[in-house]
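In: A structural model of the following input is requested.
(chains A and B)
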Protein chains: 2
Amino acid sequence: MTALLRSWIASANTAETDFPLNNLPYGAFRTGSGDLHAGVAIGDRILDVSALEAAGKLDLPAGTFRSGVWNDFMALGADTWAAFRAFLTENLSEGAAGQSDLQGFLVPMAGTRLEMPFSVSEYTDFYAGRHHAFNVGSLFRDPANALPPNWLHIPIGYNGRASSVVVSGTEVTRPNGQLKAPDMEMPVLAPSRRFDLELEMGAIVGQPSDRPVSVQQADDMIFGYVLLNDWSARDIQAWEYQPLGPFQSKATATSISPWIVTKAALETFRTSTPVREKELLPYLREPGPMLYDIELEVGLAPAGKDETVISRTNYNEMYYSAAQQLAHHTSSGCPMRVGDLLGSGTISGPEKENRGSLLELSWGGREPLTLDTGETRTFLEDGDTLTLRGHAQGDGYRIGFGACSGKLLPARAV
Amino acid sequence: MTALLRSWIASANTAETDFPLNNLPYGAFRTGSGDLHAGVAIGDRILDVSALEAAGKLDLPAGTFRSGVWNDFMALGADTWAAFRAFLTENLSEGAAGQSDLQGFLVPMAGTRLEMPFSVSEYTDFYAGRHHAFNVGSLFRDPANALPPNWLHIPIGYNGRASSVVVSGTEVTRPNGQLKAPDMEMPVLAPSRRFDLELEMGAIVGQPSDRPVSVQQADDMIFGYVLLNDWSARDIQAWEYQPLGPFQSKATATSISPWIVTKAALETFRTSTPVREKELLPYLREPGPMLYDIELEVGLAPAGKDETVISRTNYNEMYYSAAQQLAHHTSSGCPMRVGDLLGSGTISGPEKENRGSLLELSWGGREPLTLDTGETRTFLEDGDTLTLRGHAQGDGYRIGFGACSGKLLPARAV
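Out: All right, here's what the predicted structure looks like:
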């Protein structure tokens, strides 16, 4: 494991910052009512790469950062990803000759508004956490047959709605939807009463494909990762999802953290998926470790109250990696594009405190959770703010993601 | 019902052309290796509107047709849609003063290659045909309980894959996928053996929304319609679809016809959805007729052989209109964008010859279909060309869609 790399930006040289020189995650920001700029987080500063480009200081095709988002950069491919990271690392290092060149392009992060770091082409969500699938199957089916028969063979996924992906800080309005409990004669259109979070990681596809790819090729296509909260209306889902899967129950919003943490920054934290319970078909076998050791937590703060951490888990709990998911995604010949986003599926761990959704934490609403403030929760209440946090822990430094938070607003009048 | 409107382009003045002056559908074309141009079909000609714009002859914001596709035009809104259609109708009418102005911008359609007329933002597919849902439910469940419990209350839909939408004429490669028959111990990765078509209409969303909309507002947001073939791998679907719906079984390709037939062109062919078997919730009730009387057929031509028409049906068989589907799609607050595509669901009619998929026509593969050439089919064979056709029949004219065809190529080596 590498040590902290020291920068001439002092705030980057601490064990606590999410953004040491080892990280260099990519985001998009606005200062006041200005244009959207692409930026790199370093300590408590953002390096304004759109401004660097406009000043002619980058060795990249003209206009790469004109849009303020990272899609055009991703499209340039892995050699450019590596060269640009090397340029940043070199010039932001302690004692770098480039310090005077870059100094004028640093912006205090505190004075900016972070926006979507990339334009989402399409969004796919998976169901690839063993503990989550087991818990949900136990709740809705039977603990003895909790996993669907295909689950140990296929990284189960469904297409989500890209237009609903929002950046951390965006408020989320409780959805209305068709609800029908088994004892009701007719459905009603009403606010969801079982609105939930799902703690996930998102993988961002940085290179396109027009034919099936191997797991190694898939890993090579991935540009980076974000935290992802797939807000879910359990009661809408229960009534709508047969036979074609979740639709409006998952279409209200999906929040992501504002910084794309690159695959390169996570390289030393690679870890293998768990032992296979059934042998996978060859097209899904990993040639090396493609998961990551990333510590995750969820905080819930009722309106005007302190936050309680309601879950702690780790990305290494997944049964399938993003690379396996992406390889499966292309198996039919499905074309992938730069900017596609893959949600990992809810990341629950083995213990109760490791569960990544309120559905699991409150066991279907039957076991309310008591917060530090003394209040209880089965599902989310209006005014609640949910915050996901995550980092890979290095030796004296951390590769952090920044927060992924969202406040729940009351439903619209029906 | 209006009569044929006569144009100074003689080929548009017949009862047989798909493209009389009454139609004026919107497409995109290339001549040789030239740039993509937006065009309007009229008889056997295309009016090159990208060239008209470049020549300064259109009263539209600069660059509307620069991309060659219709998204930027759609974004301008319904008043612009109406004004542009009025401009075209006036100047292409027999005796129009504008004839000399436009003459130089007509291109023979036969010398062009038609491409995707719009950039698909996201693709949603529905399951809104009563006969299709009944047939599929009877095949896989039980004729006594063929419809899922939610079916008469919700226009059931799922998110599809926009990157897989292709224009008519694009060849489709038979997918590989995980297959597992109930008697197999383990799945295999192999070419789909039950690859099928689905005869559908596609509705194109021409205006965005960021909150729930009414059925009337939804109808107002729709720009036009295309024919749509949602190629489907039934065997991949059977193994993968529980619990989150179809994924790779529907991701290989979805073909659309090359011309967007506008809502305006179809106005006189509006018709009501069938009598409700159960009362709909108010947010799904139609304030007026929002389906269309469009005759549809499917032709299947084995490699090097003549085509057999294997199905004839009508869009008026749908239980839910595109406007109802779109209203439901927004019910959770799901944002819609210009260029979203909504597949109607398979359009089967009451009789065997009205069925819109081979799954239904061959009753799950148990009753092979005999083609005019003497060959039989349960599902598609390599080399088969599928062609959808559709038109609304006016008094001495037709509003046609052009063909939606695709040839099936053998699967890639696994």
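
In: which residues of the stretch 51-200 of chain A fall in helices?
Out: A:71-75, A:78-92, A:99-103, A:130-140 (DSSP state H, counting those that start in this stretch).

In: got the domain ranges for chain A?
Out: Using automatic domain parsing, the domain parsing of chain A gives A:10-115, A:123-409.

In: so for chain B, which of those domains sits nearest?
Out: Chain B sits nearest to domain A:123-409 of all these, at 2.3 Å, using Cβ to the nearest Cβ. The way it works is simple: take the backbone N, C-alpha and C, and place the C-beta from them, glycine included.

In: which stretches of the stretch 1-150 of chain A have low pLDDT?
Out: A:1 (pLDDT under 70).

In: and stretch A:288-295, which residues are buried?
Out: By 16 or more other Cβ atoms under 10 Å in any protein chain shown, the buried positions in stretch A:288-295 come out as A:Met290, A:Leu291, A:Tyr292, A:Ile294, A:Glu295.

In: any idea how far A:Thr273 is from the first one?
Out: If I follow you right, that is A:Met290. Taking Cβ to Cβ, to the nearest Å as the measure, A:Met290 falls 7 Å from A:Thr273.

In: quick revisit: which ones among the buried residues of stretch A:288-295 are found in strands?
Out: Of the buried residues of stretch A:288-295, the ones assigned to strands by DSSP state E are A:Leu291, A:Tyr292, A:Glu295.

In: quick one: which of the buried residues of stretch A:288-295 is nearest B:Gly400?
Out: Closest approach to B:Gly400 among the buried residues of stretch A:288-295 (Cβ to Cβ): A:Met290, at 50.7 Å.

In: my read: that closest one touches A:Ala322, true?
Out: Yes: A:Met290 is in contact with A:Ala322 according to Cβ atoms under 8 Å; the separation is 7.3 Å.

In: sorry, back to before: now the domains of chain A in JSON lines, with distance to B:Ala10?
Out: Formatted as JSON lines, those follow (distance: least, Cβ to Cβ, whole Å):
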{"stretch": "domain A:10-115", "distance to B:Ala10": "47"}
{"stretch": "domain A:123-409", "distance to B:Ala10": "42"}
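
In: need the winner for burial among those domains.
Out: domain A:123-409 (a mean of 21; mean count of other Cβ atoms under 10 Å in any protein chain shown).

In: the helices in the stretch 301-414 of chain A, which residues?
Out: For the stretch 301-414 of chain A, the helices defined by DSSP H, counting those that start in this stretch cover A:322-329, A:358-361.

In: would JSON lines of those with distance to chain B and mean pLDDT be doable?
Out: Formatted as JSON lines, the helices of the stretch 301-414 of chain A follow (distance: least, Cβ to the nearest Cβ, whole Å; pLDDT from 0 to 100):
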{"stretch": "helix A:322-329", "distance to chain B": "7", "mean pLDDT": "98"}
{"stretch": "helix A:358-361", "distance to chain B": "14", "mean pLDDT": "98"}
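
In: a markdown table for these, including distance to B:Gly383?
Out: Below are the helices of the stretch 301-414 of chain A laid out as a markdown table (distance: least, Cβ to Cβ, whole Å):
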| stretch | distance to B:Gly383 |
| --- | --- |
| helix A:322-329 | 28 |
| helix A:358-361 | 49 |
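
In: out of the ones you listed, which is closest to B:Tyr315?
Out: Of all these, helix A:322-329 sits nearest to B:Tyr315, with 32.2 Å by Cβ to Cβ.

In: run through the residues that contact A:Glu295.
Out: A:Arg312, A:Asn314, A:Gly390, A:His391, A:Ala392, A:Gln393 (Cβ atoms under 8 Å, 6 or more residues apart in numbering or on different chains).

In: the fifth one bridge partners, please.
Out: Partner residues in beta bridges with A:Ala392, using DSSP bridges, are A:Ile399.

In: correct me, but it touches A:Asn314?
Out: No: using Cβ under 8 Å, A:Ala392 is not in contact with A:Asn314, being 9.9 Å away.

In: shared neighbours of the two, anything?
Out: Shared contacts of A:Ala392 and A:Asn314, defined by Cβ under 8 Å, 6+ apart, are found at A:Asp293, A:Ile294, A:Glu295.

In: which residues sit in contact with the residue of chain A positioned farthest from its centre?
Out: Distance from the centre of chain A peaks at A:Glu185, with 39.3 Å (Cα atoms, centre = their mean). Listed by Cβ under 8 Å, 6+ apart, the contact set of A:Glu185 is empty.

In: now do it, the pLDDT please.
Out: Note for A:Glu185: predicted pLDDT of 94.

In: about what we covered before: for A:Met290 and A:Thr273, list the residues in contact with both.
Out: Common neighbours of A:Met290 and A:Thr273 (Cβ under 8 Å, 6+ apart) are A:Ser321, A:Gln324.

In: around chain B, which positions in the stretch 251-400 of chain A sit nearby?
Out: A:251-253, A:278-279, A:281-283, A:328-329, A:331-337, A:340 (Cβ under 8 Å from any Cβ of the partner chain).

In: who touches both of A:Met290 and A:Ala322?
Out: Shared contacts of A:Met290 and A:Ala322, defined by Cβ under 8 Å, 6+ apart, comprise A:Asp219.

In: mind listing what A:Glu198 touches?
Out: By Cβ under 8 Å, 6+ apart, the neighbours of A:Glu198 are A:Asn229, A:Asp230, A:Trp231, A:Ser232, A:Gly345, A:Thr346, A:Gly356, A:Ser357.

In: so the nearest residue to A:Ala322 once chain neighbours are set aside is in which element?
Out: For A:Ala322, ignoring the flanking residues on the chain, the nearest one in space by Cβ to Cβ, 6 or more residues apart in numbering or on different chains is A:Ala203 at 3.5 Å. In the assignment (DSSP states H and E), A:Ala203 maps to strand A:199-205.

In: output that strand as PDB, nothing but the C-alphas.
Out: C-alpha atoms of strand A:199-205 as PDB (Å, rounded to 0.1, in the frame of the first residue of the first chain):
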ATOM      1  CA  LEU A 199     -26.800   2.300  -0.500                       C
ATOM      2  CA  GLU A 200     -24.900   1.500  -3.700                       C
ATOM      3  CA  MET A 201     -21.700   2.300  -5.600                       C
ATOM      4  CA  GLY A 202     -22.000   3.500  -9.200                       C
ATOM      5  CA  ALA A 203     -19.500   2.600 -11.900                       C
ATOM      6  CA  ILE A 204     -19.100   4.900 -14.800                       C
ATOM      7  CA  VAL A 205     -18.400   3.500 -18.300                       C
END
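
In: please save the CA atoms from stretch A:114-130 in CSV.
Out: Written as CSV, here are the backbone C-alpha positions of stretch A:114-130 (Å, rounded to 0.1, in the frame of the first residue of the first chain):
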residue,chain,number,x,y,z
LEU,A,114,-21.0,21.0,-7.2
GLU,A,115,-23.1,19.7,-10.1
MET,A,116,-23.3,16.4,-12.1
PRO,A,117,-19.8,15.5,-13.1
PHE,A,118,-20.8,13.7,-16.2
SER,A,119,-23.8,13.5,-18.5
VAL,A,120,-25.5,10.1,-17.8
SER,A,121,-26.1,8.3,-21.1
GLU,A,122,-28.1,5.4,-19.7
TYR,A,123,-28.4,4.1,-16.1
THR,A,124,-28.6,0.4,-15.2
ASP,A,125,-29.1,-0.9,-11.7
PHE,A,126,-28.0,-4.3,-10.5
TYR,A,127,-29.0,-6.6,-7.7
ALA,A,128,-25.7,-8.1,-7.0
GLY,A,129,-25.3,-8.0,-3.2
ARG,A,130,-25.6,-11.4,-1.7
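
In: in contact with A:Leu358, which residues?
Out: With Cβ under 8 Å, 6+ apart, A:Leu358 has these contacts: A:Asp196, A:Leu197, A:Ile310, A:Leu369, A:Arg377, A:Thr378, A:Phe379, A:Leu380.
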